[in-house]
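Engineer: The sequence and its predicted three-dimensional model are supplied below.
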Amino acid sequence: MVRGAACAALILFVSCGAAAAPGADAQAPDPLAAEAKKRNAALVADGFNMTQGFSLGQKPVRFEFLLPKASDRHRLSFWMETREGEASVTLVGPDGAPVLAWAGRRGESDVTRVLAAGKYVLEIDPSKASGGRALFGVKGFLVHRCEMNAALTSEQPAAPARGFHWPYFLYVPKAPRSGHLLVVPNNTGYTTDDVEMIRAASTCEVRRQAALADALGAPLLVPLFPRPPIGGDENLYLHALTRAALQTEAPAFRRVDLQLLAMADDARAVLAARGITVDARLLLRGFSASGSFVNRFAVLHPSRVLAVACGSPGGWPIAPVEKADGKTLPYPVGVADVRALVGRPVDESALKAVAWLFLLGDKDANDAVIYRDSFSKADEDLVFRLFGPTPVSRWKGAEGLYQKAGLDARFVLYPGVGQRGRTRTRAPRRPPPPPPPPGGARLTARGPPPPASPAAGHGRGRREVLPPPTPPPPAGGPPEIPRGGRRAFTHGTLTPTSVA
């Protein structure tokens, strides 16, 4: 019963989303809120990596973000309108000098310029105004530092002697009741081993996942793993638990799957000291790269996993079988060589005790299979040949392999939902090959298709730090920043275009 209740709660919350507050739609329309929403949608469609809206009251507003060490030009957009009176706005750069300073009742600005790396602080003083709205957007690489509930969240330091070389955040709901630890791996979306950048990005992951932790009554663990550069444009994609991640011998990066287990055991001890007991089996949730992580982690360590909610898992979820259509499936396509990689085979009986939920939008074309930091060229060719040229075309085949293995897995495909495209600096996408011939490895799912839900999108609507176009799907999945693109813009002058 405990397993069933916990799994059902995780699956229902992830796939259906939280219910709206009673009476929420009874409020009178707010024209400024509607204007802010319209402007936000336009910035998202224009590829802004981050947008942040503000409802202006009497309290000052403070918003922080960081730029990576290697920064290019950034485009800044700011709009504000008060109902009465004036508000003042200041954007201060890493050197303490103002990038923007302005006061008025209504105005907007749009500028592109080179910005130094470091921390930026936007401050709005609405004390002389009576209500209003503001919207700030940035196009270009950045990391948004989110506010967390300090009373409920702690950062646990790295402890190499206990098996983990990186810190982690631990969020404890006011009413913990689940008996299980919820683990959501971090995913910066770009290459960095700068702990400060990783920490800033992970604050937003904690904030995003806190609602799920509260709904489940489960303490939340978010690791602060890096995605380290390894020369040139290459990186070690620890966030996706790739083959290289299992093979690296660098002590700080070695076997992050085992480091995560050590973090979980450490968190259990921290919680036990506070009188909170949680089981060794984990609840896992991930999206995109972190979806690949939780999917692969659960296959490698099924005895430590109760349930997995995995969204848009990098173009191909790891197949829980060694062969398909007579072809050997090496990790991370399948599990044929897991014993050689980690020293033991997959525990097939433990896999059958895990509850699996896989989510994908039928407009999701984000395919990690074609990138060498995620899959080898041989893996890419194998996936294309056996399962299809796109994530959506492979979905039924993946579902069939999980069913063939006898796993308790549910695959949900949401109509009209896509994942935001990512800007990359690698080779262009290969053209899709002809569809596989009849009799290929795709298998037919058993039973009727699951009901559609409007809440299964990427959810990266530009509240945080993320990538380009495609209208934002409904909230429900963890957002992510573009992996490595570089954009060039012309310079401009930051001046209000209209003030009243």
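Structural biologist: Arrived safely. Numbers count the residues shown, from 1 in each chain.

Engineer: all helices of the stretch 201-350 of the chain, in order?
Structural biologist: Under the criterion DSSP state H, counting those that start in this stretch, the stretch 201-350 of the chain carries helices at the ranges 243-247, 256-273, 289-300, 338-342, 348-351.

Engineer: of all the ones you listed, which lies closest to residue 180?
Structural biologist: helix 256-273 (10.3 Å; CB to CB). In short, each C-beta sits where N, CA and C put it, glycine included.

Engineer: Residues in contact with stretch 63-75: which ones?
Structural biologist: 48, 50, 52, 54, 110-123, 136, 138-145, 190, 192, 194, 196-197, 200, 465, 486-489, 491 (CB atoms under 8 Å, 6 or more residues apart in numbering).

Engineer: what about this structure, any weak spots by pLDDT?
Structural biologist: 1-28, 69-71, 420-500 (pLDDT under 70).

Engineer: A strand includes residue 133, no?
Structural biologist: Yes - applying DSSP: H, G, I helix; E, B strand; the rest coil, one finds residue 133 inside a strand.

Engineer: That one against residue 55, yeah?
Structural biologist: Yes - with contact defined as CB atoms under 8 Å, residue 133 counts as touching residue 55 (6.2 Å).

Engineer: Common neighbours of these two, please.
Structural biologist: Joint contacts of residue 133 and residue 55 (CB under 8 Å, 6+ apart) are residue 33.

Engineer: Just the buried ones out of the contacts of stretch 63-75, please.
Structural biologist: 48, 50, 52, 54, 110-112, 115, 120-122, 136, 138-145, 190, 192, 194, 197, 200, 465, 487 (16 or more other CB atoms under 10 Å).

Engineer: so of those residues, which ones are in helices?
Structural biologist: 197, 200 (DSSP state H).

Engineer: follow-up on the earlier one: give me the more crowded residue out of residue 133 and residue 55.
Structural biologist: residue 133 (22 against 14; other CB atoms under 10 Å).

Engineer: residues contacting the more buried one?
Structural biologist: 32-33, 35-36, 53-56, 80-81.

Engineer: Recalculate using a threshold of 7 Å.
Structural biologist: Counting by CB atoms under 7 Å, 6 or more residues apart in numbering, residue 133 makes contact with 32-33, 36, 53-56, 81.

Engineer: for residue 152, same thing?
Structural biologist: 171-174.

Engineer: Looking at the buried ones among the contacts of stretch 63-75, which are in strands?
Structural biologist: Under the assignment DSSP state E, those contribute 50, 52, 54, 110-112, 120-122, 136, 138-139, 143-145 to strands.

Engineer: Number of residues surrounding residue 29?
Structural biologist: 6.

Engineer: Renumber starting at 639 from here on
Structural biologist: Understood, numbering begins at 639; the last thing we discussed is residue 667.

Engineer: And it, how far from residue 744?
Structural biologist: 19 Å (CB to CB, to the nearest Å).

Engineer: now residue 1039, what's its secondary structure?
Structural biologist: helix.

Engineer: how deep is the closest residue in space to it that isn't next to it in sequence tucked in, by neighbour count?
Structural biologist: Counting by CB to CB, 6 or more residues apart in numbering, residue 957 is the residue found nearest to residue 1039 once chain neighbours are left out, at 4.6 Å. Using other CB under 10 Å, residue 957 is surrounded by 27 other residues.

Engineer: Equivalent analysis for residue 913, please.
Structural biologist: Residue 913: 7 neighbours (other CB under 10 Å).

Engineer: And for residue 775?
Structural biologist: Number of residues near residue 775 (other CB under 10 Å) recorded here: 23.

Engineer: ok, now which ones touch it?
Structural biologist: 681, 686, 688-689, 715.

Engineer: What is the nearest of the residues you listed to residue 987?
Structural biologist: Distance to residue 987 across these (CB to CB) is lowest for residue 688, with 45.3 Å.

Engineer: Report the separation between that closest one and residue 827.
Structural biologist: Residue 688 is 12 Å from residue 827, by CB to CB.

Engineer: Pretty sure residue 1055 sits against residue 998.
Structural biologist: No - contact between residue 1055 and residue 998 fails when scored by CB atoms under 7 Å: they sit 8.2 Å apart.

Engineer: shared neighbours, the two?
Structural biologist: Common neighbours of residue 1055 and residue 998 (CB under 7 Å, 6+ apart) do not exist.

Engineer: At which residues are the strands of the stretch 939-1088 of the chain located?
Structural biologist: Counting by DSSP state E, counting those that start in this stretch, the stretch 939-1088 of the chain has strands at residues 943-949, 961-962, 965-966, 993-999, 1046-1052.

Engineer: Residue 1019: which of those is closest?
Structural biologist: Of these, the one closest to residue 1019 (CB to CB) turns out to be strand 965-966, at 10.6 Å.

Engineer: Check the strands of the stretch 939-1088 of the chain for me and report the most buried one.
Structural biologist: strand 943-949 (a mean of 27; mean count of other CB atoms under 10 Å).

Engineer: All good on my end, thank you.
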